[in-house]
Each structure stands twice: as C-alpha cells, then as structure tokens.
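Visitor: coords please:
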Amino acid sequence: MPIRGLSAGALLAATLAVAQAAAADQGSHELDEGGWHYNLTPYVWFLSVEGDMTVKGLESSVDASFSDIWSNLNIGFFGRFEAQKGPVSLFGDLIFADLEADNAMGSVSVDADIDLLVFDFGLAYEAARVRLSKRGAEEPIWVSVEPVLGGRLYSVEGELQPARLDKVSESETWVDPVVGLRLTSDITPDWNVRLRGDVGGFGVSSDLTWQAMLAVGYSFGLFGEKDATALFGYRALYVDYQTGGGANRFAVDATFHGPLLGLSVVF
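Guide: Got it, this is the predicted structure:
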C-alpha cells in the first residue's frame with residue numbers, strides 16, 4: 001500500500017539522529033580516502049504493478065502480476081552506475097520497461113500499454129559507520145550510514161484501448177526531488193546486506209514518490225580479487241502524479257515492485 005504519511009522533515013530528522021548516534025561509536029575507524037572507484041551494476045527487475053492510470057480523462061486500473069507482465073514485456077533495461085571517492089558517491093540508476101496488461105474500466109475490458117522510464121540520480125555521503133560486533137572482534141562488522149540527496153526523473157507514456165472505443169494515448173515527463181538513506185553492512189568477508197529507501201515529490205511534481213530496496217550480496221573475484229558481487233533482493237517504487245483536468249487529465253497512481261537479480265562490478 002502507498003506510504004502517504006512520510007515527510008521530508010521527518011526523514012531528514014531521522015537521518016541526522018542515526019548519523020549522530022553512529023558517530024559516537026565510530027571510534028578510530030577511518031573512512032577510505034583513496035582515489036575514485038567505479039561500480040557498474042546491470043540487473044533484472046521482475047516487475048509487478050498495482051494501481052491506476054488516467055489518459056485523456058479516461059481512468060483504468062493497471063494491475064498486473066509478475067507472470068502477466070513478463071508474458072507481455074516488450075523490452076526492458078535496468079542498470080546502475082556509481083562513482084565513489086572517500087565518503088562521497090555520485091550515482092545514476094536507469095529503469096526502462098515497455099509493459100502491456102489486460103485490465104478493466106468498470107465492466108469494460110481495457111488493453112493498457114505503459115512505456116516507463118525512470119532515472120534516479122544524486123549524491124550519497126557516508127556520514128558514519130556503526131560497529132555491530134563486539135570491540136576486539138577478529139573481523140569487526142560495520143554498518144555504513146549514508147544520507148542521500150537527489151532526484152528522480154519519470155517519463156511515462158500511457159496508452160489505453162477500451163473495448164469498442166477509440167484508443168487514447170499521452171506522455172508526460174517530470175522530475176521529483178528525493179531524500180533518502182542507505183545502509184550497507186559486510187556481515188562476513190564474502191556476504192553483505194544493502195538497504196536503501198527514499199521519499200520525494202512533496203508536490204513539486206508528483207504528490208508523492210517513494211522507493212525501498214533490500215538486497216543480499218555475495219562477493220567474489222571476476223577479473224580481480226573480490227571485484228564482483230552477485231545481488232538478490234526486492235525493490236518497490238511508488239509514484240502518485242497528476243496533471244490537467246477533465247478530458248486532458250493525465251495521472252499515474254501505481255506501485256511497481258518485485259524481486260531483482262544483479263551483478264555489481266568494481267573497477
């Protein structure tokens with residue numbers, strides 16, 4: 001279900017509180033101040049969608065399960081790139097999918113086609129690392145705490161074909177500000193856990209957009225020593241956007257979610 005009660009102030013306050021608490025336990029642990037490191041992550045997102053879409057004033061549900069979408073997925077591309085130097089990271093995450101689904105508008109069946117392009121971009125800063133293991137442990141476990149500030153670009157083209165009626169289509173592009181938090185922990189030398197969440201929109205473009213992801217990674221050598229990580233996780237992305245009115249109204253109120261598989265390579 002959409003999370004509508006979140007606010008930018010609450011998220012920023014929580015982020016600062018976590019960072020301040022983490023700094024107290026950071027001790028002598030030093031952040032890596034080396035040169036630039038780059039990370040490329042192609043991945044596959046096994047999408048489901050739940051929600052509604054309005055095109056030219058015509059509203060329809062656009063609910064489709066994973067099996068429905070992947071039987072009607074025309075094309076999809078997913079990839080993430082990140083550049084890191086010391087505690088600072090710059091990132092971009094691209095999602096593109098051309099989806100088809102059979103839905104309903106009341107008692108009328110509707111063929112829905114959605115071209116979805118989403119580009120996340122921004123800056124993350126490692127504010128602190130929290131020690132989880134006892135002091136003096138042979139292999140201490142740390143959690144990296146990274147506030148995130150950035151934006152999310154949406155480009156959505158919707159096409160609805162009600163039975164016995166003319167097809168309608170429309171496209172919109174907009175950008176939302178987002179704030180968030182990333183937590184990363186190497187729980188063993190080979191295994192790590194990654195948690196990422198953000199919220200945005202705030203009425204600037206979308207009324208609300210949020211995202212959450214949890215992934216487990218296994219590191220191994222591909223071209224060098226432990227330069228690759230296989231990822232398995234789950235991701236959800238929600239957007240509530242509307243513009244225009246009457247016969248010119250365009251709106252998307254939907255959650256895209258599902259498991260993902262990826263391969264992250266550092267160079």
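Visitor: May I have the secondary structure class of the residue of the chain most remote from its centre?
Guide: Computed with CA atoms, centre = their mean, the residue of the chain farthest from its C-alpha average is residue 164, at 37.4 Å. Residue 164 carries the three-state label coil when classified by DSSP: H, G, I helix; E, B strand; the rest coil.
Visitor: Look at it and report its pLDDT.
Guide: The pLDDT attached to residue 164 in the predicted structure is 72.
Visitor: so what's the backbone phi/psi at it?
Guide: phi 70, psi 10 (degrees, to the nearest 10).
Visitor: go on, residue 56?
Guide: Here is the backbone geometry of residue 56 (degrees, to the nearest 10): phi 50, psi 40.
Visitor: Could you check how far it is from residue 160?
Guide: 8 Å (CB to CB, to the nearest Å). Where you see a C-beta, it was placed from the backbone N, CA and C, and this is true even at glycine.
Visitor: Which neighbours do these two have in common?
Guide: Taking CB atoms under 8 Å, 6 or more residues apart in numbering as the criterion, residue 56 and residue 160 both touch 168, 169.
Visitor: between these two, who's got more neighbours?
Guide: For residue 56 versus residue 160, the count of surrounding residues by other CB atoms under 10 Å is larger for residue 160: 25 against 16.
Visitor: Show me which positions of the helix or strand hosting that one end up buried.
Guide: Secondary structure assignment for residue 160, by DSSP states H and E: strand 142-162. Neighbour-count burial for strand 142-162, with 16 or more other CB atoms under 10 Å as criterion, is recorded at 142-148, 150, 152, 154, 156-160, 162.
Visitor: And stretch 50-64, by the same measure?
Guide: Within stretch 50-64, the residues scored as buried using 16+ other CB under 10 Å are 50-56, 58, 60-64.
Visitor: Can you give me the neighbour number for residue 248?
Guide: The local packing of residue 248 (other CB under 10 Å) involves 10 other residues.
Visitor: List the contacts of it.
Guide: 56, 57 are the contacts of residue 248 under CB under 8 Å, 6+ apart.
Visitor: is the closest residue to residue 39 other than its chain neighbours in a bridge, and if so with what?
Guide: Nearest-residue entry for residue 39: residue 82, 4.3 Å, with adjacent residues in sequence omitted and distances by CB to CB, 6 or more residues apart in numbering. Residues found in beta-bridge contact with residue 82 (criterion: DSSP bridges) are residue 39, residue 91.
Visitor: my read: residue 82 touches residue 120, true?
Guide: No. The pair residue 82 and residue 120 fails to qualify as a contact (CB atoms under 8 Å) at a distance of 11.0 Å.
Visitor: Which one of the two is surrounded by more residues?
Guide: residue 120 (22 against 17).
Visitor: in which helix or strand would I find that one?
Guide: In this structure, residue 120 is located in strand 108-125 according to DSSP H and E.
Visitor: bridging residues for the nearest residue to residue 63 once chain neighbours are set aside?
Guide: Counting by CB to CB, 6+ apart, residue 50 is the residue found nearest to residue 63 once chain neighbours are left out, at 5.1 Å. Legend: beta-bridge partners of residue 50 under DSSP bridges are residue 255.
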